[in-house]
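sequence-free structure coming up:
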């Protein structure tokens, strides 16, 4: 009897110490817009929160969203605008920590076509690469086309993913222009392969293109999962905010020191320049502002008739509830 009691106690202790498993999808783990996810993972902050976070790299935001809707992942590191798009389709998706305060998406044209494509309006009839159709790089392109007097259907959209695959699509002239994120953009610029048409990596650039702060990379999930797993959500947010705080004031060299070698694409010096171009885009606190979510709604409404027709309740697309409970350590 005594042995049985001891065994039960050991079992209960093991269960108590077991880490909570979470399956998290991300639309391109090496994309710099999602860098805090890797920083948090490498610094061990998820484990310190008692989480076993299984990261599935789905290579594009639209695929990560599909995985959440299909139930193969529980949480997504993706772009906030998908929460608005999903509400317009009757799905209740909620962002619960903001990682990027600027999209850090860049639209560029191939340098050898720069004398023919001098403005966004000149893209009519061209092939434009995005991470994947339906991703935020595609939304960004659609908005700029409409803003410059064109329709989204005036160009042919090709999915080119992120990183080395995106660079290869331009090098091989598979596309005439590209809407993408770091590190591909700086690599293309340094090799003289693209000319920038619109740039949201900085405060200045985002203000010029989108009018001001624009919630970008976030953690989002279904409202049902959030209500069923508030403790797990809190631990995820604790880890992410701790990572964002850690990044504040760090040099590119200090941040690069915690990243896997493969992130540098064979050129560490160039990757440091990528980081230097990108650090301004990350949120220092993880909180959503009360007014910034209106900008993604305006952008999506410009080209998505479902969003334009829907009565979107922005307060249901995000919450600061968990960020406000993060320990101030």
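Received it, and whenever you're ready, just let me know what you need. Please read these numbers as outputs of a predicted model, since none were measured by experiment. Numbers count the residues shown, from 1 in each chain.

where do the strands sit along the chain?
20-26, 51-57, 75-79, 93-98, 106-110, 127-130, 156-159, 177-180, 194-199, 217-222 (DSSP state E).

Adding mean neighbour count, mean pLDDT and distance to residue 44, write these out as CSV.
The way it works is simple: take the backbone N, C-alpha and C, and place the C-beta from them, glycine included. Shown next, in CSV, are those (neighbours: other CB atoms under 10 Å; pLDDT from 0 to 100; distance: least, CB to CB, whole Å):
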stretch, mean neighbour count, mean pLDDT, distance to residue 44
strand 20-26, 20, 97, 15
strand 51-57, 16, 96, 11
strand 75-79, 29, 96, 18
strand 93-98, 26, 98, 18
strand 106-110, 24, 97, 32
strand 127-130, 24, 97, 34
strand 156-159, 17, 97, 34
strand 177-180, 29, 97, 30
strand 194-199, 19, 97, 34
strand 217-222, 25, 97, 18
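
so which of those strands comes closest to residue 288?
Taking CB to CB, strand 93-98 is the member of those nearest to residue 288, at 5.2 Å.

got the angle for the closest one vs strand 75-79?
Counting by axes from the mean of the first three to the mean of the last three CA atoms, to 10 degrees, strand 93-98 lies at 80 degrees to strand 75-79.

residues near the residue nearest to residue 161 when sequence neighbours are not counted, how many?
In space, and not counting its chain neighbours, residue 161 is closest to residue 59: 5.1 Å by CB to CB, 6 or more residues apart in numbering. Residues within reach of residue 59, counting by other CB atoms under 10 Å, total 22.

what's residue 59 in contact with, if anything?
Counting by CB atoms under 8 Å, 6 or more residues apart in numbering, residue 59 makes contact with 27-28, 131-132, 161-162.

In helices only, show me those residues.
Judged by DSSP state H, the contacts of residue 59 include no members of helices.

Beta-bridge partners for residue 156, please?
residue 127 (DSSP bridges).

how far away is it from residue 188?
20 Å (CB to CB, to the nearest Å).

lowest average confidence, helix or strand, in this structure?
Among the helical and strand segments of the chain, the one scoring lowest on mean pLDDT, DSSP states H and E is helix 2-17, with a mean of 50.

quick revisit: are any of the contacts of residue 59 buried, and which?
27-28, 131-132, 161-162 (16 or more other CB atoms under 10 Å).

I'd like the average pLDDT over the longest helix along the chain.
Longest helix of the chain, by residue count under DSSP H: helix 230-247. Averaged across helix 230-247, the pLDDT comes to 98.

Mind listing residues that contact that helix?
Outside helix 230-247, the residues that touch it by CB under 8 Å, 6+ apart are 20, 22, 36-37, 39-40, 43, 45-46, 48-51, 53, 75, 96-97, 99, 219, 221, 226, 255, 279, 282-286, 322-323, 325-327, 329.

From those residues, which land in helices?
Members of the contacts of helix 230-247 lying in helices (criterion: DSSP H): 36-37, 39-40, 43, 45-46, 48, 226, 255.

now for those, which pair is the farthest apart?
226 and 255 (29.6 Å).

one step back: filter the contacts of helix 230-247 to the buried ones?
Buried among these (16+ other CB under 10 Å): 22, 36-37, 39-40, 45-46, 49, 51, 53, 75, 96-97, 99, 219, 221, 226, 255, 279, 282-283, 285-286, 322-323, 326.

looking at the strands of the chain, which is closest to residue 270?
Comparing these by CB to CB, strand 194-199 comes nearest, at 14.7 Å.

Strand partners (parallel or antiparallel) of that closest one?
Counting by DSSP bridges, strand 194-199 is paired with strand 106-110 (antiparallel).

Other residues contacting the strand it pairs with?
117, 120, 123, 140-141, 144, 170, 173, 175-181, 185, 188-189, 193-201.

which residue is nearest the centroid of the protein?
Central residue of the chain (CA atoms, centre = their mean): residue 217, 3.4 Å from the mean position.
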